[in-house]
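Q: Output the structure for:
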Amino acid sequence: MKITALLVMKWQGDSNDPVILAIASDLTQFGYFQRSSAKEFIVFLGRTVAKRTPPAQRQSVQHQEYKVHSYNRNGVCALGFMDDNYPVRSAFSLLNKVLDEYQKNFGDSWRNALADSTQPWPYLNEALVKFQDPAEADKLLKIQRDLDETKIILHRTIDSVLTRGEKLDSLVEKSSDLSIASQAYVLQAGKENQPVLHHIIGLQEEDEIKGLAVSLWRKFSLQKLLLTLPS
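A: Here you go, the predicted model:
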């Protein structure tokens, strides 16, 4: 069982992208050169899910090898990237605690946030370590009496969260969270029907190829680039 990332975002309605208030991630499973792409994908997917999580809603979205758990409380949205083995109730106990601590530390200052925050929040990093063990999150259930009051909406795929007519590939291509390299990883993984982050791990031994690809990105379109990547 593993938590890969925790995020706190300001929800701005379904027509504007959420603003990152805090983020903590453990990317040690990735090679050094792949970590930036992995983090970009986590931010992109987190923002995509948070945007589609209205106030007072809890939802869990299955995306390949991950579940993205999201809880929007009065416009502040906490998200957790967990693997399939991390219990759902434990995940939402943790997100509830994160929102409690954020309110305690920052009050309503989040309302004035206009751009992503780059300042670390020590508590979130501590929580990422402490709650790797779901038993620690289970202890919170004893004092969180409101967890059962709101139904948790479960989605089998990210596509079921998107509005009609939206496609994940199109969002990837338009996203400012993803570099050209990360866009290529995501789209190529989709073509090969592979989990995106596993696909990035699989490319750890291909750093030399990636280095050569940097010069190609300046000369060729993304479509042509995808044809040059190893299958």
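Q: ok, which stretches of the protein are strands?
A: According to DSSP state E, the chain carries its strands in the segments 3-10, 19-25, 58-63, 66-73, 76-83, 152-155.
Q: name the helices or strands packed onto the first one?
A: With contacts defined as 3 or more CB pairs under 8 Å, 6 or more residues apart in numbering; DSSP states H and E, the secondary structure elements packing on strand 3-10 are strand 19-25, helix 35-51, strand 76-83, helix 88-106, helix 122-130. For the C-beta atoms, the positions are set from N, CA and C on the backbone; glycine is no exception.
Q: Kindly report the same for the second one.
A: In this structure, strand 19-25 packs against strand 3-10, helix 35-51, helix 88-106, helix 122-130, with contacts taken as 3+ CB pairs under 8 Å, 6+ apart.
Q: List the neighbouring strands of that strand plus their orientation.
A: Each strand that strand 19-25 pairs with, and the sense of that pairing, follows from DSSP bridges: strand 3-10 (antiparallel).
Q: Same check on the fourth one?
A: The sheet places strand 66-73 alongside strand 58-63 (antiparallel), strand 76-83 (antiparallel), with pairing taken from DSSP bridges.
Q: Now tabulate the ones you listed in CSV and tack on mean neighbour count, mean pLDDT and distance to S109.
A: Supplementary listing: the strands paired with strand 66-73 in CSV, determined by neighbours: other CB atoms under 10 Å; pLDDT from 0 to 100; distance: least, CB to CB, whole Å:
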stretch, mean neighbour count, mean pLDDT, distance to S109
strand 58-63, 21, 86, 24
strand 76-83, 25, 95, 11
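Q: Distance to K104 for those strands - can I get that in CSV?
A: Supplementary listing: these in CSV, determined by distance: least, CB to CB, whole Å:
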stretch, distance to K104
strand 58-63, 20
strand 76-83, 12
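Q: on that earlier part again, so which of the helices and strands packed on strand 19-25 comes closest to L114?
A: strand 3-10 (9.1 Å; CB to CB).
Q: Let's see the closest one as CSV, backbone CA atoms only.
A: C-alpha atoms of strand 3-10 as CSV (Å, rounded to 0.1, in the frame of the first residue of the first chain):
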residue,chain,number,x,y,z
ILE,A,3,0.5,7.1,-1.0
THR,A,4,2.3,8.8,-3.9
ALA,A,5,1.0,12.3,-3.5
LEU,A,6,-1.3,14.6,-1.4
LEU,A,7,-2.6,17.9,-2.8
VAL,A,8,-4.7,20.7,-1.5
MET,A,9,-6.4,22.9,-4.1
LYS,A,10,-8.7,25.9,-4.3
